[in-house]
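Peer 1: return atomic coordinates for the entry below.
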Amino acid sequence: MAESPRTTLLALLLALKQLETPLTADERAKLKTKGQQLAIDPDDWDYIQEGLMAIVEQNPSLDRLFQTAKMQLQAIDGNIPIELLPTRQEKEAELFVDDKREPVSFGYFEGEPDRESDEILTTAINVLTKEDSAKTAKKLSFLQRMQNYLQKSNS
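Peer 2: Predicted structure coming up:
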């Protein structure tokens with residue numbers, strides 16, 4: 001069964017958050033390119049996913065963290081409680097502190113997240129297009145909530 005973009009992107013964000021060794025300049029540049037492609041054409045997922053997986057697989061630490069996060073997400077079968085998703089306020093505070101741009105947004109425009117919008121896609125694009133996506137992912141409080149939830153659900 002093909003992985004959903006949501007599961008893959010969330011597993012990638014969780015892996016980046018937990019990554020202890022810094023990404024190389026080449027890895028950061030490749031992730032940024034994939035984030036830009038995702039922003040331009042999120043429907044070209046198969047091609048983008050292939051590129052993202054090539055980047056992940058070439059970094060053993062990132063790959064191990066990614067595979068663990070993906071298994072945990074598959075165990076809950078994509079049933080992510082809405083309160084774990086990032087709110088607009090969190091994204092603005094955590095993604096755009098040094099950056100005066102508005103966040104890229106697919107789905108909702110005010111207040112709290114909703115199950116029908118794609119907060120994971122929106123957040124992934126915003127993280128991947130930063131100069132250092134791992135450093136940016138570490139700042140996201142919703143990823144800590146998600147990590148805690150997954151650890152509790154899978155134990």
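Peer 1: per-residue confidence for Pro86?
Peer 2: For Pro86, the model assigns a pLDDT of 79.
Peer 1: and it, helix, strand or coil?
Peer 2: Secondary structure state of Pro86, per DSSP: H, G, I helix; E, B strand; the rest coil, is coil.
Peer 1: spatially nearest residue to it, not counting backbone neighbours?
Peer 2: Phe142 (3.9 Å; Cβ to Cβ, 6 or more residues apart in numbering). For glycine as for every other residue, the C-beta is placed from the backbone atoms N, C-alpha and C.
Peer 1: phi, psi of Lys34?
Peer 2: Backbone torsions of Lys34, given as degrees, to the nearest 10, read phi -60, psi -40.
Peer 1: tell me which residues of stretch 41-54 are tucked away?
Peer 2: 42, 45, 48-49, 52 (16 or more other Cβ atoms under 10 Å).
Peer 1: what about it, average pLDDT?
Peer 2: Stretch 41-54 comes out with an average pLDDT of 94.
Peer 1: how about the contacts made by Ile80?
Peer 2: 10, 146, 149 (Cβ atoms under 8 Å, 6 or more residues apart in numbering).
Peer 1: so which bits of the helix or strand hosting Thr136 are buried?
Peer 2: Remark: Thr136 resides in helix 133-138, with elements defined by DSSP states H and E. If you call a residue buried by 16+ other Cβ under 10 Å, then helix 133-138 has these buried ones: 133-137.
Peer 1: could you give me the buried positions within the helix-or-strand element of the chain with minimal mean pLDDT?
Peer 2: Counting by mean pLDDT, DSSP states H and E, the chain has its least confident helix or strand at helix 88-95, which shows a mean of 74. Residues of helix 88-95 classed as buried by neighbour count (16+ other Cβ under 10 Å): 88, 90-91, 94-95.
Peer 1: extract the CA atoms of the helix holding Thr136 and return them as CSV.
Peer 2: Output of helix 133-138 as CSV, limited to C-alpha atoms (Å, rounded to 0.1, in the frame of the first residue of the first chain):
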residue,chain,number,x,y,z
SER,A,133,15.0,22.3,8.1
ALA,A,134,16.2,20.2,11.0
LYS,A,135,16.9,23.3,13.1
THR,A,136,13.5,24.6,12.2
ALA,A,137,11.7,21.3,13.0
LYS,A,138,13.3,21.3,16.5
